[in-house]
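Asks: mind looking at a prediction? Sequence and model below.
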Amino acid sequence: MRYRLRDFILVVAILAIGFAAPAVAVPTILSFFGIAWFRGLQGISITVGGAIPIPILRTPDSYVFVGALVASALTAAYVILRRSAIERFLLRRQVLDAMPIISSYVRAGVPLARALELTSEVVASPMKEHLYKAAKLLQLGHDPFEVFEAAFSPAPRDVRVALSAIPVATMSGGRVAEVLEIASRYSYQLSRLEDMRRFRLEGYKGTLALAVIAYIATAVVMIFFLSYLTEIGAGTPIIGAFIDVDYVTSLYYVSAIVVFAITSVAISRIVYGEIVFALKYSAMLMLFTSIAFAVVLLVI
């Protein structure tokens, strides 16, 4: 309950900052120093149009406001969902400690249900609660496979594979320690394989982030070029009629959002095996992209 209340307060604070920072704080601070770059809510101008109907952001305030609002919403969603992802990560680590301890208790002659209960007193949460629940259900005489589903259904698939040795060992007819020992070795090897995979893929995070930055840089160069072209051909009716710099800028902005959203999902799913972390990377890239496009409009 305490963690839920803390997360709720944090979410409300993040959303409030995401709205108040571009609407009030940034314009007020800049105006204090005599810089009139942003006007807050009064400077927001968003329309919908173009050959491909998209939101057209026509002022730097619009980019900063949309970027801050979306980034704060993504961050708030990450705060809400991160606990389950962290719990799954901890379960993957704690199963490596739990299986050898359970096996050691069984080899010492302790019944499996009691071994699970004793192990739950040694390991930390969240594995502690799952093992304690399984121990109590076994002591009450429930079917081992039903106990497994009831106690470990929230666990990730790889953790469930290792822990499935518990009902198998219960029904093995005397070879409990051997089954648990094999499961313990399997968990260890699986963890090593996962660490090696993550280590090899860690370098791709920087590569994908650089690809997004390169796309944004290309968009900035093209926007500057079109802005310069419209200035040269200001008196030319063809250029004046057919080049809408605000629309092209918004088109690049929307496409950049799509690019970094896909990139964030790829990084999160491939490297960490969790989609939740895509929210964190998307929030950071959203803020960076919005500030970059706002600066472009200020310059041109």
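Replies: Here it is on my side, so go on.
Asks: within the helices and strands, which one has Thr47?
Replies: Here Thr47 sits within strand 46-49, counting by DSSP states H and E.
Asks: now that strand, how far from the centre of its chain.
Replies: Its chain's C-alpha centre and that of strand 46-49 lie 30 Å apart, by C-alpha atoms, centre = their mean, to the nearest Å.
Asks: what lines up beside it in the sheet?
Replies: strand 54-57 (antiparallel) (DSSP bridges).
Asks: tell me the SS of Pro154?
Replies: Secondary structure state of Pro154, per DSSP: H, G, I helix; E, B strand; the rest coil, is coil.
Asks: related to what we said a few turns ago, what comes up buried for the strand holding Thr47?
Replies: Residues of strand 46-49 classed as buried by neighbour count (16 or more other C-beta atoms under 10 Å): none. In short, each C-beta sits where N, CA and C put it, glycine included.
Asks: same question, stretch 288-295
Replies: Quick answer for stretch 288-295 (16+ other C-beta under 10 Å): Phe288, Thr289, Ser290, Ala292, Phe293, Ala294.
Asks: can you pick out the most distant pair from these?
Replies: Across the buried residues of stretch 288-295, the longest distance by C-beta to C-beta is 10.9 Å; it joins Phe288 and Ala294.
Asks: thinking again about what came up before, select from the buried residues of stretch 288-295 every entry located in strands.
Replies: Judged by DSSP state E, the buried residues of stretch 288-295 include no members of strands.
Asks: make TSV out of these and add distance to Arg83 and pLDDT.
Replies: Below are these laid out as TSV (distance: C-beta to C-beta, whole Å; pLDDT from 0 to 100):
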residue	distance to Arg83	pLDDT
Phe288	26	90
Thr289	28	90
Ser290	28	90
Ala292	32	89
Phe293	33	90
Ala294	33	88
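Asks: name the residues that touch the strand holding Thr47?
Replies: Strand 46-49 is contacted from outside by Ile54, Pro55, Ile56, Leu57, Arg58, Ser62, Val66, Tyr247, using C-beta atoms under 8 Å, 6 or more residues apart in numbering.
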